[in-house]
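A.B. asks: Take this sequence and fold it.
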Amino acid sequence: MDFYIKNKDFDRRARLVSSLLGFALFFTISLSFASISFAYNIVILTSKSAAPYDSFISEFKKVLPRSSIRILDMGGNVKMGSVLMEKAAANKADVVVALGPRAAWAAKNKHDIPVIFSMLSDHKKLNLSSRTGIRSQFSLRQQLQTFKKIMPNVKKIGFLYSKASKDGLNGIEEIAQDVGLTIIKKEVLDIRNVAADLEDLLADVEVLWLRKDKLITGNARLLKQVVLLRALRKKIPIIGGNKWAVQNGALFCLFTSYQSIGAQAGEMVDRVISEGELGFQYPLSVNVFFNPHVAERLSPGVDIVVPRDALFVK
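C.D. replies: Residues are numbered from 1 along each chain as shown. Next comes the predicted model:
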């Protein structure tokens, strides 16, 4: 014989369990449909075979596990890139991800297929500013905010620049002021004056920033034997422009992670298909390469906060 126990608490528990089961079922069904909406036919066009591209692709795939993702390698051949783009169109690709300058050149005129451009040193040279992609460099605000987090007590940051990099300095003083920093910059008119100009600058700043400049940072010998050496002798922290500078005396540098850019591109796929061109975004993840040996040589008055996920010079 079956027994039924009538109890108010039991009824409340039963209704609660029933509601939770119903919600769980609804959530599972909704999640299924959401997953289906992200199942796309994607072609990744690479300029050539390279480890950075492999890192990008690995993380990109993780964001879109249900999508069909096909890798087409141009092998550095622009004509082959055009052929592969036609192949992508014939296979009705929902979106093409173009990695590197040659892939960007091959893909940029195929307007009937949404394209996400990445792994480019300068997208403006290819007239892609109105298209969709991820920049390889951080914004001035991202850089200055990170500098302030690593060296919270620093107020004055200075750098040398030449005519070649003058155009990239618009608004830098205002951004620095918002972050709590003062920018002191000195123009170098002649490469023979670098040492003297540097001495003048070092007398007024707490940190030397090696911003990318063809005249100053483009000369490895000048950078190592004059700029880095003189700043180190005065125990002034140096923010490097790349990992080479950090290995040769700079305190740290910022760098982009190919894996994080790949994940960021994966997150853009749904939007570029549904909304159209999104413009170029800055990398979301800022990574730090740090030299602890240099930190030990700096004066005790320089407070340094090392990010937990920083990479260190061995």
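A.B. asks: And for the spatially closest residue to Val78 that is not a sequence neighbour, the neighbour number?
C.D. replies: Distance criterion CB to CB, 6 or more residues apart in numbering; nearest residue to Val78, sequence neighbours excluded, is Arg102 at 5.5 Å. For glycine as for every other residue, the C-beta is placed from the backbone atoms N, C-alpha and C. When counting by other CB atoms under 10 Å, one arrives at 20 neighbours for Arg102.
A.B. asks: what's the helix or strand for Arg102?
C.D. replies: helix 101-107 (DSSP states H and E).
A.B. asks: How about Gly262?
C.D. replies: Here Gly262 is assigned to helix 258-275, by DSSP H and E.
A.B. asks: in its sheet, what does the helix or strand that that helix is followed by sit against?
C.D. replies: The helix or strand immediately downstream of helix 258-275 is strand 279-281, counting by DSSP H and E. Strand pairing for strand 279-281, using DSSP bridges, gives strand 132-134 (parallel).
A.B. asks: which residues of the stretch 101-250 of the chain fall in strands?
C.D. replies: 115-118, 132-134, 156-161, 182-187, 207-209, 238-239 (DSSP state E, counting those that start in this stretch).
A.B. asks: What helices and strands are in contact with the helix holding Arg102?
C.D. replies: strand 41-46, helix 78-90, strand 95-99, strand 115-118 (3 or more CB pairs under 8 Å, 6 or more residues apart in numbering; DSSP states H and E).
A.B. asks: Reformat the ones you listed as TSV; add distance to Val246.
C.D. replies: Listed next are those as TSV, based on distance: least, CB to CB, whole Å:
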stretch	distance to Val246
strand 41-46	29
helix 78-90	35
strand 95-99	26
strand 115-118	24
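A.B. asks: rewinding a little: identify, out of the strands of the stretch 101-250 of the chain, the most deeply packed stretch.
C.D. replies: For the strands of the stretch 101-250 of the chain, average neighbour numbers computed from mean count of other CB atoms under 10 Å are highest in strand 115-118, which has a mean of 26.
A.B. asks: Could I get the CA-only coordinates of it as PDB?
C.D. replies: Below are the C-alpha coordinates for strand 115-118, written out as PDB (Å, rounded to 0.1, in the frame of the first residue of the first chain):
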ATOM      1  CA  VAL A 115      37.400  40.000 -41.300                       C
ATOM      2  CA  ILE A 116      39.200  40.400 -38.000                       C
ATOM      3  CA  PHE A 117      42.700  41.700 -38.500                       C
ATOM      4  CA  SER A 118      45.500  41.000 -35.900                       C
END
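A.B. asks: For that strand, which outside residues touch it?
C.D. replies: With contacts defined as CB atoms under 8 Å, 6 or more residues apart in numbering, strand 115-118 is touched by 56, 95-99, 104, 107-108, 123, 128, 131-134, 136, 261, 265, 268-269, 272, 280.
A.B. asks: Could I have the buried ones of those residues as PyMOL selection syntax?
C.D. replies: Buried subset of these, written as a PyMOL selection, criterion 16 or more other CB atoms under 10 Å:
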select buried, resi 56+95+96+97+98+99+104+107+108+123+128+131+132+133+134+136+261+265+268+269+272+280
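A.B. asks: Any buried residues in stretch 85-94, and which?
C.D. replies: Those would be 85, 88, 93-94, for stretch 85-94 by 16+ other CB under 10 Å.
A.B. asks: would you turn those into a markdown table with distance to Gly240 and pLDDT?
C.D. replies: Listed next are the buried residues of stretch 85-94 as a markdown table, based on distance: CB to CB, whole Å; pLDDT from 0 to 100:
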| residue | distance to Gly240 | pLDDT |
| --- | --- | --- |
| Met85 | 38 | 95 |
| Ala88 | 39 | 94 |
| Ala93 | 40 | 96 |
| Asp94 | 40 | 96 |
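A.B. asks: Put together TSV for these, with distance to Val306 on each row.
C.D. replies: Converted to TSV, the buried residues of stretch 85-94 look like this (distance: CB to CB, whole Å):
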residue	distance to Val306
Met85	45
Ala88	44
Ala93	43
Asp94	42
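A.B. asks: farthest-separated two in those?
C.D. replies: Greatest spacing in the buried residues of stretch 85-94, by CB to CB: Met85 and Asp94 (14.2 Å).
A.B. asks: So, low pLDDT: which residues of the stretch 201-314 of the chain?
C.D. replies: 299 (pLDDT under 70).
A.B. asks: Helices of that one, residue ranges please.
C.D. replies: Taking DSSP state H, counting those that start in this stretch as the test, the helices found in the stretch 201-314 of the chain are 220-222, 229-233, 243-247, 258-275, 292-297.
A.B. asks: Perfect, that will be all.
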